[in-house]
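*Asks:* next one to model:
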Amino acid sequence: MGNKSWATGEMNPPALRAMVIGFGNLLLKDEGVGVHLARYLEREGLPPGVEVQEGGTSALDLFLGLEAEGKWEEVRRLVILDALDPQAGGHLFSGGLSPGQALVLERKDLEGTRSGAGVLSLHDLDLAFALTFLPRQVEVTIVAIVPQDPYSWGMGLTPELDSALPSLAQLCRKLLLNP
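*Replies:* Prediction:
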């Protein structure tokens, strides 16, 4: 007898194995929102077949490590959570987003946008470059979250971002269920 699919509730094996990776620096308030959101999702629960990883500030290191473990053979859907640097990522959207809101991007949105620093991230991470190391069969969605205060030292999120975690988590669940 097959397992119930978490996406449809029907009796068959899950058609999709997914991973959620939260990136960020936990020492810089809202810059760590990706990691905080990943932890929130893990606490609140995700469907079976979804794995959560904390990526710190280096996507490339994590991606290569997961490759060495053979993880990319299992993963079909990847949702990346990170703080958006409006200055670096401004060319990807017209603005108008408030702290705690998110811009949802696909891998194709970052193709051909390489810079020395992060393309849309606030830390030492060139996400567009790091994504080139992922197999093409992995469907990638980036949830780029607008921070309130990404530059001040502090272990927690600002109240604006902390209160946005439930709605951001709902967005992530929707992305996992409806790729």
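
*Asks:* point out where this structure drops to low pLDDT.
*Replies:* Along the chain, segments meeting pLDDT under 70 span 1-16, 86-95, 112-125, 179.

*Asks:* all the helices of it, residue numbers only.
*Replies:* Assigned by DSSP state H, the helices in the chain fall at 33-44, 59-68, 86-89, 107-110, 127-131, 159-177.

*Asks:* which of these sits closest to G96?
*Replies:* Closest to G96 of the helices of the chain is helix 86-89 (Cβ to Cβ; 10.6 Å). All C-beta spots, glycine's among them, are computed from the backbone N, C-alpha and C.

*Asks:* mind checking how far the closest residue to P99 other than its chain neighbours is from G56?
*Replies:* The shortest distance from P99 to any non-neighbouring residue, by Cβ to Cβ, 6 or more residues apart in numbering, is to Q148 (3.7 Å). Counting by Cβ to Cβ, to the nearest Å, the separation of Q148 from G56 is 21 Å.

*Asks:* likewise for Q101?
*Replies:* Q101 is 24 Å from G56, where distance means Cβ to Cβ.

*Asks:* try L157
*Replies:* Counting by Cβ to Cβ, the gap from L157 to G56 is 17 Å.

*Asks:* in terms of neighbours, single out the busier of the two.
*Replies:* Neighbours were tallied for L157 and for G56 using other Cβ atoms under 10 Å; the higher tally belongs to L157 (24 against 19).

*Asks:* pretty sure that one is touching V35, no?
*Replies:* No - with contact defined as Cβ atoms under 8 Å, L157 does not reach V35; the gap is 10.1 Å.
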